[in-house]
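Q: Predicted model and sequence follow; I will ask about them next.
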Amino acid sequence: MVDVDDHDEKRSESFDLQHYLGIVRRRHLQFLIPLFLGWAAIWGSSWILKPTYRSGTLILVEQATMPKDYVTPNVNDDVQDRLRSITQQILSRTRLLHIIDQLNLYADTHGLTPDEKVERMRKEIEIELVRDTQNRVSSFNVYYSAHDPRVAQQVTSELTNLFISENLEVRQQQSEGTTKFLEGQLETARKTLSDQEEKIRQFKGQHIGELPAQVGSNLQILAGLQSQLQTEEDSLNTAKQQRVYLETLMNQYRSLQGSSKSEGGSPVGLSAVNEELEKLKAQLADLNSHYTNRHPDVRKLKQQIAETEKTRDDIIAALKARDSAPSAAPATPDTADMRDATSPLVQLQGQIQANRVEISNRERGVADLKTKVLDYQARLNQEPVREQQLSDLTRGYEQSKVNYDELLKKKNESAMATSMELLQQGERFRIIDPPSLPVKPDFPNRLKLCVIGLGMGLALGVMVAGAFEMIDDRVYDEKELQKLLPVSVISEIPTIPLAADERRERWRIRIGWATAAVVSVAILLGSAISYLHG
């Protein structure tokens, strides 16, 4: 039981409700009056401070109306970087001084330099970015604070127009700059490509017939020339054989003039002609087995056979005429034959002359063909070198051509993007909420200051009441008296109140309640006014 009583005694000493209620009854005025004064000081200052009104607008970052698959933009797609650049331009000294002079801002603040006005205006402007779920800038707010709500609205409107116009101007300038840059690069690439084309053209002009593309035709031409050379050499050999044959025939004919008949009864030269004629006919039979009658060699051999047969007939006719002629008419055989146009000797001499001309022509033809064969062989020998040289030129040309085509494609796409920007079909800023006309001031926040004043008043009231309680040395509780006395209290004498004391106590209580009511009503009324009027 003793332990339980000691525990209850210690617990009652730790928190004595009656003791604190007694302090409230004694010190309520010392608490309420500082509470009210502290609250009134903070709340009243909120009505003394000059109010500042904040106007704001919401600007949407509207994407391009033309799909990117059709027209690719040629400006910076990072809205945040572009906004940072535009903000720096708008908050420049020149732009802000123009707005200050236009709207006559800070006219009531004398003594401020233009730079100080600009710095003050920068502090009163606020840009707030709004991001979507993918952390991309989808819109942004523009705020401006001023003592006059209409001025705040006008400045916010000016800033909004600057943002919209500056964005269009920046995008158009960037787009046009990109297009001009690509045009310059395209012109440089075109000149480079044209120079390389000219080099290739000059190279092909200087080495006609030695190019890789002409190898096939050169081989065909060379094969044809070699075939013609072989044919021409064969014809030359045939003509030379014909010359030998004609000279032999002519010599034999001359020897017939004074020769006798052979053992078989025929002239000696006539047998040689017959042998040559048989040989030619054998050659003709061999050619007919390989070629048609239209082949040049067949036709030429037939002509030789016909001439040989005519020569043989002329020899036979001449021999018959000689045998029948009278012996009394001596004459030189060659002289008589030369006077006769139909004489075999005259015809042989004509054939020999024609044969010489033919041999000369054939020799010139063979020499020309050999020169051409050597020329085409030299071309074929130079083909690997020209192929390597042309490959080097063509490689640079192809690279330049690819670069030119890519630049041309990019330039055309950039030109389309520039047209889109000029028609304002690209990404742009659009006002969602127009600049607001503020009704309540943004600063000071009177309701907030009212709450702060209430807290400060409570703290001040507790401090004053506690101070009064600490400096008061009177004893109001029997427990405090027991603490002061060294011996135990045997008995207590109850308080015998007088009528005057009771009346004073009742008045003090009434005054306390009245003060509490007045303070409470004043605080509630002040809070309501702060809420309604901002």
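A: Great, that's in hand.
Q: separation between V244 and D314?
A: 20 Å (Cβ to Cβ, to the nearest Å). All C-beta spots, glycine's among them, are computed from the backbone N, C-alpha and C.
Q: swap in Q174?
A: For Q174, the distance to D314 - Cβ to Cβ - is 105 Å.
Q: More neighbours: V244 and D314, which one.
A: D314 (19 against 11; other Cβ atoms under 10 Å).
Q: Surely the more buried one touches Q347?
A: Yes - counting by Cβ atoms under 8 Å, D314 sits close enough to Q347 to count as a contact (6.8 Å).
Q: all strands in the stretch 51-200 of the chain, in order from the N-terminus.
A: Remark: strands assigned in the stretch 51-200 of the chain by DSSP state E, counting those that start in this stretch are 53-62, 125-131, 137-146.
Q: between those strands, which one is nearest to P434?
A: For P434, the closest of the strands of the stretch 51-200 of the chain is strand 53-62, at 6.1 Å, according to Cβ to Cβ.
Q: Look at A528 and say how many residues are nearby.
A: A528 has 12 nearby residues by other Cβ under 10 Å.
Q: ugh, wrong one, I meant R171
A: For R171, using other Cβ under 10 Å, the count is 24.
Q: what's the answer for L35, then?
A: Neighbours of L35 under the rule other Cβ under 10 Å: 26.
Q: Just the pLDDT at E126, thanks.
A: pLDDT, E126: 92.
Q: Test my guess that it contacts Y143.
A: Yes - at 4.2 Å, E126 counts as touching Y143 under the criterion of Cβ under 8 Å.
Q: Out of the two, name the residue with the larger neighbour count.
A: Higher neighbour count among E126 and Y143: Y143, with 19 against 13, using other Cβ under 10 Å.
Q: Next one: that one from T94, what distance?
A: From Y143 over to T94 (counting by Cβ to Cβ), the distance is 22 Å.
Q: on contacts alone, who are the packing partners of the longest helix along the chain?
A: Longest helix in the chain by number of residues, with DSSP state H as the criterion: helix 344-422. With contacts defined as 3 or more Cβ pairs under 8 Å, 6 or more residues apart in numbering; DSSP states H and E, the packing partners of helix 344-422 are helix 149-206, helix 215-256, helix 296-324, helix 333-339.
Q: Within the sheet, what are the partner strands of the helix or strand just after that helix, with directions?
A: For helix 344-422, the succeeding helix or strand toward the C-terminus, using DSSP states H and E, is strand 428-433. Using DSSP bridges, the strands paired with strand 428-433 are strand 53-62 (antiparallel).
Q: The partner strand vs strand 137-146, what angle?
A: 160 degrees (axes from the mean of the first three to the mean of the last three Cα atoms, to 10 degrees).
Q: tell me the average confidence for strand 53-62?
A: On average, strand 53-62 scores 90.
Q: and it, how far out from the chain's middle?
A: 34 Å (Cα atoms, centre = their mean, to the nearest Å).
Q: where does the stretch 401-534 of the chain dip in pLDDT?
A: The stretch 401-534 of the chain contains residues with pLDDT under 70 at 424-426, 473-495, 497, 534.
Q: what does the stretch 151-300 of the chain give?
A: For the stretch 151-300 of the chain, the ranges with pLDDT under 70 are 252-272.
Q: give me that answer again for 90
A: 164-179, 193, 196-197, 199-300 (pLDDT under 90).
Q: Report the distance from the longest helix of the chain to the chain centre.
A: For helix 344-422, the distance to the chain centre is 41 Å (Cα atoms, centre = their mean).
Q: now swap in stretch 236-256 and tell me
A: That offset, for stretch 236-256, works out to 87 Å (Cα atoms, centre = their mean).
Q: now stretch 212-219
A: 42 Å.
Q: Show me which residues of that stretch are buried.
A: For stretch 212-219, the neighbour count (16 or more other Cβ atoms under 10 Å) marks Q214, V215, N218 as buried.
Q: could I get these as a markdown table with distance to Q304?
A: Shown next, in a markdown table, are the buried residues of stretch 212-219 (distance: Cβ to Cβ, whole Å):
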| residue | distance to Q304 |
| --- | --- |
| Q214 | 41 |
| V215 | 41 |
| N218 | 37 |
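Q: So which of those is the closest to H533?
A: Closest to H533, out of all of those and judged by Cβ to Cβ, is Q214, at 99.4 Å.
Q: nearest spatial neighbour of the residue positioned nearest the centre of the chain, skipping sequence neighbours?
A: When Cα atoms, centre = their mean is applied to the chain, the residue found nearest the centroid is K410 (6.1 Å). Leaving aside its chain neighbours, K410 sits nearest to L182 (5.5 Å; criterion: Cβ to Cβ, 6 or more residues apart in numbering).
Q: What is the burial count for that neighbour?
A: 20.
Q: My guess is it contacts M416. True?
A: No - using Cβ under 8 Å, L182 makes no contact with M416, being 11.9 Å away.
Q: So what's the residue count around R93?
A: 13.
Q: show me the residues around the nearest residue to it once chain neighbours are set aside that make contact.
A: Nearest non-adjacent residue to R93, counting by Cβ to Cβ, 6+ apart: V118, 5.3 Å away. Taking Cβ atoms under 8 Å, 6 or more residues apart in numbering, we find V118 in contact with R93, L96, L97, I100.
Q: same question, R27
A: R27 sits in contact with A465, F468, E469, where contact means Cβ under 8 Å, 6+ apart.
Q: Please, which helix or strand holds the last one?
A: Here E469 is covered by helix 446-471, with elements defined by DSSP H and E.
Q: just checking, what packs against that helix?
A: Using 3+ Cβ pairs under 8 Å, 6+ apart, helix 446-471 sits against helix 17-48, helix 499-533.
Q: I figured E247 hits Q351, correct?
A: No - counting by Cβ under 8 Å, E247 does not reach Q351; the two are 10.2 Å apart.
Q: Neighbour count for the two, which is higher?
A: More neighbours surround Q351 than the other of E247 and Q351, with 19 against 13 (other Cβ under 10 Å).
Q: Around the closest residue to that one other than its chain neighbours, how many other residues sit close by?
A: Distances taken as Cβ to Cβ, 6+ apart place L246 nearest to Q351, at 5.4 Å, with adjacent residues excluded. Neighbourhood size, L246 [other Cβ under 10 Å]: 22.
Q: L246 contacts Q353, doesn't it?
A: No - assessed by Cβ under 8 Å, L246 is found out of contact with Q353, at 9.7 Å.
Q: T292: what secondary structure?
A: coil (DSSP: H, G, I helix; E, B strand; the rest coil).
Q: Now it. Nearest residue, chain neighbours left out?
A: Nearest non-adjacent residue to T292 (Cβ to Cβ, 6+ apart): V298, at 7.2 Å.
Q: quick one: contacts for the one you found?
A: Here V298 is in contact with L284, L287, N288, Y291, T292 (Cβ under 8 Å, 6+ apart).
Q: if I look at it, how far off is S289?
A: Distance from V298 to S289, by Cβ to Cβ: 11 Å.
Q: now the angle from the strand or helix carrying K281 to helix 344-422?
A: Using DSSP H and E, K281 sits in helix 268-288. If you take the same axes, to 10 degrees, helix 268-288 sits at 30 degrees to helix 344-422.
Q: and which of the contacts of R27 is nearest to K302?
A: A465 (156.4 Å).
Q: Count the neighbours of that closest one for me.
A: 22.
Q: Report how many residues lie close to W513.
A: 11.
Q: ok, now E502?
A: Count around E502 with other Cβ under 10 Å applied: 10.
Q: what's the answer for L105, then?
A: L105, neighbours per other Cβ under 10 Å, totals 21.
Q: Please state the backbone phi and psi of it?
A: phi -80, psi 150 (degrees, to the nearest 10).
Q: picking up where we left off before, filter the contacts of V118 down to the buried ones and hand me the ChimeraX line.
A: Selecting only the buried entries of these in ChimeraX, with 16+ other Cβ under 10 Å as the criterion:
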select :96,97,100
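Q: Go through the contacts of V118 and name the one nearest L60.
A: L96 (24.8 Å).
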